[in-house]
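Undergrad: Have a look; sequence and predicted model below, questions after that.
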Amino acid sequence: MCFGKGETKKANIQSGLLLLLFSLCVLDNLLVHAGVLYPYQEKYFVPIWYTLSIGPTLFFFIKFTLYPAYEFRGTDIKHFLLPLAQGLFYWSIFFSGPGNQAALWANFLEPFYKTFEGMGYVILLFTYIALSFRYVKYKQAVARRKGHFWEYSKSIWLSWTLKVLFVLAILNTSYIVMDFTVYNFLGWNLYSVKGFSYLGDLSFAAMLLWLALRSYQYVFGVAYPTKSQLQAFSSENDWPRVDPEDQLFAWFDQDKVHQDPELHIYRLAFLSVRSPKRIRRLILEKTGMRFEEFLQAKRLESYYTCLQDPKYKKQSPKVIGLQMGFANHAALQQALKKNPPLH
């Protein structure tokens with residue numbers, strides 16, 4: 001979902017992993033419905049079902065997108081204990097042999113485990129959606145206070161991504177709860193009803209399609225704020241109220257738009273209502289630099305300023321560089337080699 005030219009690697013990995021996890025689950029459902037796995041019992045337990053990993057992966061995608069400088073910590077291991085246990089469990093079944101697989105299915109998986117796994121998936125998914133939304137709302141409030149529209153627009157975009165995902169998750173959960181309740185309290189097997197087994201799978205696939213669509217939007221630079229969002233933000237901040245001729249550079253000097261690691265010229269063109277060609281010409285005329293050079297220069301300028309700022313004395317140069325808009329540490333090092341500090 002953050003695959004722009006200024007892509008942030010950690011957020012990209014989580015985004016790709018999230019789509020992969022959903023895709024594997026959909027693939028498992030398709031193989032079951034197509035009858036591919038039933039005749040081959042030893043292949044029924046192919047370990048491609050990792051539903052407990054979806055919630056934590058979503059959470060860290062949101063976190064890395066909002067805070068590119070964040071690094072994994074030892075305390076984060078708690079988020080991966082249940083997903084790791086689920087993966088190891090299915091892999092152990094896969095290698096246990098057909099006889100053990102049949103016994104496990106009849107005596108443990110079907111009567112007990114699948115129910116608790118479904119409950120765990122639902123609880124974790126909604127818990128991490130809530131945690132993610134909390135991070136987004138906090139970032140949105142901070143962006144309003146700082147007057148940084150690029151951060152505000154990103155938080156709005158992520159907020160809508162989570163809201164729609166929440167609704168789709170409700171639909172998927174309703175199917176799971178209905179199946180569990182009717183089977184355990186009424187003794188009816190809803191899977192015998194024609195078409196019922198497809199409802200849950202379709203709602204699950206809808207979540208995958210929604211996330212894939214949002215990824216596509218970000219790749220091609222259409223994940224922009226609406227006019228109403230821009231007006232709402234503008235009514236509270238002086239961000240857009242500058243001389244039109246200086247507006248473009250005011251976004252760098254005041255709004256610090258260069259600190260957005262995903263900034264590319266098409267996003268800037270949307271915000272400034274100017275064509276990319278016009279932006280390049282304006283920057284070249286005023287600074288003598290190409291857009292890419294100017295963007296890197298502004299990031300380095302902020303980086304060197306923060307190195308001298310006492311507020312940043314407890315932060316490493318790497319973390320400061322990520323906060324100033326460099327996509328990763330390698331990009332920072334490359335920029336420093338080309339533009340060493342003046343002494």
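TA: All right, it came through fine.
Undergrad: make it CA atoms for all contacts and neighbour counts henceforth
TA: Fine.
Undergrad: show me where the stretch 201-343 of the chain has helices.
TA: 227-234, 244-253, 265-272, 276-287, 291-307, 317-323, 329-338 (DSSP state H, counting those that start in this stretch).
Undergrad: Do me a favour and get the end-to-end distance for stretch 64-77?
TA: End-to-end span of stretch 64-77 (CA to CA, to the nearest Å): 16 Å.
Undergrad: Check the gap between the residue positioned nearest the centre of the chain and I13 for me.
TA: For the chain, the residue nearest the mean C-alpha position is F61 (3.4 Å; CA atoms, centre = their mean). Between F61 and I13 the distance is 8 Å, computed by CA to CA.
Undergrad: likewise F204?
TA: 21 Å.
Undergrad: Looking at those two, which one has more neighbours?
TA: Ranked by neighbour count (other CA atoms under 10 Å), F204 and I13 place F204 first, with 21 against 16.
Undergrad: State whether the more buried one and D28 are indeed in contact, as I suppose.
TA: No - applying CA atoms under 8 Å as the test, F204 and D28 come out as separate, 11.7 Å apart.
Undergrad: So, low pLDDT: which residues of the stretch 101-250 of the chain?
TA: Within the stretch 101-250 of the chain, the ranges that satisfy pLDDT under 70 run 183-184, 187, 189-196, 218-246.
Undergrad: if we go to 80?
TA: Scanning the stretch 101-250 of the chain for pLDDT under 80 picks out 110-111, 145-151, 153, 176, 178-200, 216-248, 250.
Undergrad: what about N100, neighbour count?
TA: Counted by other CA under 10 Å, the residues lying close to N100 total 14.
Undergrad: and it, what is it in contact with?
TA: Counting by CA atoms under 8 Å, 6 or more residues apart in numbering, N100 touches I93.
Undergrad: which element is it on?
TA: Of the helices and strands defined by DSSP states H and E, N100 is found in helix 98-104.
Undergrad: Please point out which parts of the following helix or strand past that helix sit buried.
TA: Reading on from helix 98-104 to the C-terminus, the next helix or strand found by DSSP H and E is helix 114-146. Within helix 114-146, the residues scored as buried using 16 or more other CA atoms under 10 Å are 118-119, 121-122, 124-126, 128-133, 135-137, 139-140, 143-144.
Undergrad: swap in stretch 147-162?
TA: Buried residues in stretch 147-162, counted by 16+ other CA under 10 Å: 147-159, 161-162.
Undergrad: And stretch 23-41, by the same measure?
TA: Along stretch 23-41, these residues count as buried under the neighbour rule (16+ other CA under 10 Å): S23, L24, C25, V26, D28, N29, L37.
Undergrad: JSON lines for these, including distance to G55?
TA: As requested, the buried residues of stretch 23-41 are exported to JSON lines (distance: CA to CA, whole Å):
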{"residue": "S23", "distance to G55": "15"}
{"residue": "L24", "distance to G55": "15"}
{"residue": "C25", "distance to G55": "14"}
{"residue": "V26", "distance to G55": "16"}
{"residue": "D28", "distance to G55": "19"}
{"residue": "N29", "distance to G55": "19"}
{"residue": "L37", "distance to G55": "27"}
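Undergrad: for the residues you listed, which one is nearest I279?
TA: Of all those, S23 has the smallest distance to I279: 39.8 Å, by CA to CA.
Undergrad: Phi and psi next, for G97.
TA: G97 adopts backbone torsions of phi 100, psi 150, taken as degrees, to the nearest 10.
Undergrad: mind checking how far it is from L104?
TA: G97 is 11 Å from L104, where distance means CA to CA.
Undergrad: now swap in T75 and tell me
TA: Taken as CA to CA, the span from T75 to L104 is 34 Å.
Undergrad: neighbour count winner among the two?
TA: Using other CA under 10 Å, the more surrounded residue of T75 and L104 is L104, with 16 against 7.
Undergrad: Surely D28 is in contact with I48?
TA: Yes - using CA under 8 Å, D28 makes contact with I48 at a distance of 6.9 Å.
Undergrad: what about stretch 269-283, distance to the chain center?
TA: The chain centroid and the centroid of stretch 269-283 are separated by 28 Å under CA atoms, centre = their mean, to the nearest Å.
Undergrad: Mind listing residues that contact stretch 130-140?
TA: Identification of contacts with stretch 130-140 by CA under 8 Å, 6+ apart yields L58, F59, I62, K63, L66, E151, Y152, S155, I156, L158, S159, L162.
Undergrad: Dump that stretch to PDB, keeping only the CA atoms.
TA: Output of stretch 130-140 as PDB, limited to C-alpha atoms (Å, rounded to 0.1, in the frame of the first residue of the first chain):
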ATOM      1  CA  ALA A 130      -9.000  -1.400  16.800                       C
ATOM      2  CA  LEU A 131      -5.400  -0.900  17.800                       C
ATOM      3  CA  SER A 132      -4.600   0.200  14.200                       C
ATOM      4  CA  PHE A 133      -7.400   2.600  14.200                       C
ATOM      5  CA  ARG A 134      -6.300   4.100  17.500                       C
ATOM      6  CA  TYR A 135      -2.800   4.800  16.000                       C
ATOM      7  CA  VAL A 136      -4.400   6.400  12.900                       C
ATOM      8  CA  LYS A 137      -6.600   8.700  14.900                       C
ATOM      9  CA  TYR A 138      -3.700   9.700  17.100                       C
ATOM     10  CA  LYS A 139      -1.600  10.500  14.100                       C
ATOM     11  CA  GLN A 140      -4.400  12.400  12.600                       C
END
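Undergrad: Alright, I will stop here.
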